[in-house]
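In: Need coordinates for the following:
(2 chains)
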Number of protein chains: 2
Amino acid sequence: MQRYKCEIIYDGSAYCGFQIQPKDRTVQGEIERALKKLHKGVDVKIQASGRTDAGVHAVGQVIHFDSDLDIPIGKWELALNTLLPHEIVVAKTEAVSNNFHARYNVTGKEYRYFIQLGERRDPFKRNYAYYYPYPLNLDAMREAMNYFVGEFDFTSFCSAKTDKEDKIRKITSMELIEEENMLIFSFKGNGFLYNMVRIIIGTLLDVGRGKKRPDSIPAIIAGKDRKLAGKTASANGLYLWKVHY
Amino acid sequence: MQRYKCEIIYDGSAYCGFQIQPKDRTVQGEIERALKKLHKGVDVKIQASGRTDAGVHAVGQVIHFDSDLDIPIGKWELALNTLLPHEIVVAKTEAVSNNFHARYNVTGKEYRYFIQLGERRDPFKRNYAYYYPYPLNLDAMREAMNYFVGEFDFTSFCSAKTDKEDKIRKITSMELIEEENMLIFSFKGNGFLYNMVRIIIGTLLDVGRGKKRPDSIPAIIAGKDRKLAGKTASANGLYLWKVHY
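Out: Numbers count the residues shown, from 1 in each chain, chains lettered A, B, ... in the order given. A predicted model of the protein is given here:
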């Protein structure tokens, strides 16, 4: 058996998240269905770097699976993409050692969050960015962003629905890229808790609107209480951008 | 009663075309539903510059309607957009004379057609461009495009399903814009027959693939036979870009 590592791109708007579910359409479900077809009815399980929620997109999700099919490197992409629905694309496949694990070997991840600004919602972006019509103080938001960089207990920025005990994560950089009518937030870190990026975005929007002061962030982190942070920003703006190993 | 002219943007991928239908979700149906709500249950009919098919988008569709509501110019957009689904946006509303008619007064239209190239399909473009994985001879396509500019009987480039008798139309310009992995065709003319842009695109793709010669276009036009032209390219790449009055 050979282990393969795949980079996957998907539009999450049509799916009930990554993780396979008995009834709903999921990204994992579709990939495993394609692999099963390719393997003439034999089940092939995949492991991903982590889940993504319903509506969340990925341009750099990573999975691994084992196969004894004799498909040359460079041909897996076409073989799988012809079997996958159009919302999911295999961008790159490489043979890796059997020790490689898409989840356990992750050393870092980058997420991006897209916010569409402007007087009117762009209908072509409705599934691909969070529309925010109110004016934002970007200087205040940038100031607040600096307080998130470092190693902290991010309990205040984690959904209560998590099953993770250890809430300590390290954010190595946060960046705000301004494009025409679009704000793009880049988050890099060693790992992210459930809804962490979306709750940080919701909190930054409170700062941008003047509802929270930039220097209130350290106390929100220190309080270890989800209620201190802002709302969970919507899923449609979030992209799993890159996974590092 | 005051007549209003509105510019409308819509993502057609979620709709069964523009024209209202008893059961299916249509752009006209949604706009008339929003207007009815705004007019406290009174029906308000709209007239558009023309229909668009299921899956076809618009960034510059124009409609008109009559109303005696006392809403200042500049406030109609927000009033309607809060009532419309996110796929449809009113971009601009102006008061016009009661002689204005969104369909009868059209002097010209621009359509654009987007083709995504490249080794793999972009999942985020699947509803917004036609994916074409094969290499294309763009010089041959540009040569063929020149033969379409002028006034012709476009019977060969019209769906047999049309009810229009007069098939003579004038194309004033055709342009090909190359962007990274994307071809954008701009068509300007005094009017377009049913499926005309999509059949011209299908024919140009035959030329680009070497299945038809660029100089075969005049004979295809002169033949006045739909079977001489190429396939109807898919709806997802087509945009009603601008309507002129």
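
In: which residues in chain A form helices?
Out: Secondary structure of chain A (DSSP state H): helices located at A:27-38, A:76-81, A:138-148, A:196-208, A:217-223.

In: So is the second one next to chain B?
Out: I take that to be helix A:76-81. Yes. Contact of helix A:76-81 with chain B (C-beta under 8 Å from any C-beta of the partner chain) involves A:77, A:81. Every residue, glycine included, has its C-beta placed from N, CA and C.

In: now for that helix, which elements pack on it?
Out: Counting contacts by 3 or more C-beta pairs under 8 Å, 6 or more residues apart in numbering or on different chains; DSSP states H and E, helix A:76-81 packs against strand A:2-10, helix A:27-38, strand A:88-96.

In: those strands in chain A, which residues are they?
Out: A:2-10, A:47-48, A:57-67, A:88-96, A:108-116, A:130-131, A:150-153, A:168-179, A:182-189, A:238-244 (DSSP state E).

In: Please name the strands paired to the longest one in the sheet, noting orientation.
Out: When pairing is defined by DSSP bridges, strand A:168-179 lines up against strand A:150-153 (antiparallel), strand A:182-189 (antiparallel).

In: Then the fifth one?
Out: When sheet partners are counted by DSSP bridges, strand A:108-116 sits next to strand A:130-131 (parallel), strand A:182-189 (antiparallel), strand A:238-244 (antiparallel).

In: and of the helices and strands packed on helix A:76-81, who's closest to B:Val42?
Out: Ranking these by their distance to B:Val42 (criterion: C-beta to C-beta) puts strand A:2-10 first, at 44.8 Å.

In: For A:Thr203, see how far away A:Gly237 is.
Out: Distance check for A:Gly237 against A:Thr203: by C-beta to C-beta, to the nearest Å, it reads 14 Å.

In: picking that back up, okay, the strands of chain A in a markdown table with mean neighbour count next?
Out: Formatted as a markdown table, these follow (neighbours: other C-beta atoms under 10 Å in any protein chain shown):
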| stretch | mean neighbour count |
| --- | --- |
| strand A:2-10 | 21 |
| strand A:47-48 | 20 |
| strand A:57-67 | 22 |
| strand A:88-96 | 18 |
| strand A:108-116 | 20 |
| strand A:130-131 | 20 |
| strand A:150-153 | 14 |
| strand A:168-179 | 14 |
| strand A:182-189 | 20 |
| strand A:238-244 | 22 |
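
In: Distance to A:Glu30 added to these, as a markdown table?
Out: Formatted as a markdown table, the strands of chain A follow (distance: least, C-beta to C-beta, whole Å):
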| stretch | distance to A:Glu30 |
| --- | --- |
| strand A:2-10 | 9 |
| strand A:47-48 | 13 |
| strand A:57-67 | 12 |
| strand A:88-96 | 6 |
| strand A:108-116 | 22 |
| strand A:130-131 | 25 |
| strand A:150-153 | 36 |
| strand A:168-179 | 29 |
| strand A:182-189 | 27 |
| strand A:238-244 | 16 |
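
In: Can I get those strands in JSON lines including mean pLDDT?
Out: Output for those, formatted as JSON lines (pLDDT from 0 to 100):
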{"stretch": "strand A:2-10", "mean pLDDT": "97"}
{"stretch": "strand A:47-48", "mean pLDDT": "98"}
{"stretch": "strand A:57-67", "mean pLDDT": "98"}
{"stretch": "strand A:88-96", "mean pLDDT": "96"}
{"stretch": "strand A:108-116", "mean pLDDT": "98"}
{"stretch": "strand A:130-131", "mean pLDDT": "96"}
{"stretch": "strand A:150-153", "mean pLDDT": "97"}
{"stretch": "strand A:168-179", "mean pLDDT": "97"}
{"stretch": "strand A:182-189", "mean pLDDT": "98"}
{"stretch": "strand A:238-244", "mean pLDDT": "98"}
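
In: Can you tell me which of these is nearest to B:Leu228?
Out: Minimum separation from B:Leu228 across those (C-beta to C-beta) falls at strand A:88-96, 36.0 Å.

In: How about the closest one and chain B, touching?
Out: Yes. Strand A:88-96 lies within reach of chain B by C-beta under 8 Å from any C-beta, at A:88-89, A:91.

In: ok, so of the residues you listed, who is nearest chain B?
Out: Nearest to chain B among the residues of strand A:88-96 next to chain B is A:Val89, at 5.2 Å by C-beta to the nearest C-beta.

In: For the closest one, list the residues it contacts.
Out: Residues near A:Val89 by C-beta atoms under 8 Å, 6 or more residues apart in numbering or on different chains: A:8-10, A:81, B:120-123.

In: Pick out whichever of these sits closest to B:Val96.
Out: Checking these against B:Val96 with C-beta to C-beta, the nearest one is B:Asp122 at 39.7 Å.

In: Tell me how many other residues surround that closest one.
Out: 18 (other C-beta atoms under 10 Å in any protein chain shown).

In: Any figure for the gap between the spatially closest residue to it that is not a sequence neighbour and A:Glu87?
Out: Nearest residue to B:Asp122 in three dimensions, chain neighbours excluded: B:Gln116, at 5.8 Å (C-beta to C-beta, 6 or more residues apart in numbering or on different chains). According to C-beta to C-beta, B:Gln116 and A:Glu87 sit 14 Å apart.

In: what do you get for A:Ile221?
Out: 36 Å.

In: how many neighbours does A:Arg51 have?
Out: A:Arg51 has 17 nearby residues by other C-beta under 10 Å.

In: Backbone dihedrals for it, please?
Out: The phi and psi values for A:Arg51, taken as degrees, to the nearest 10, are phi -80, psi 160.

In: Thanks a lot, see you next time.
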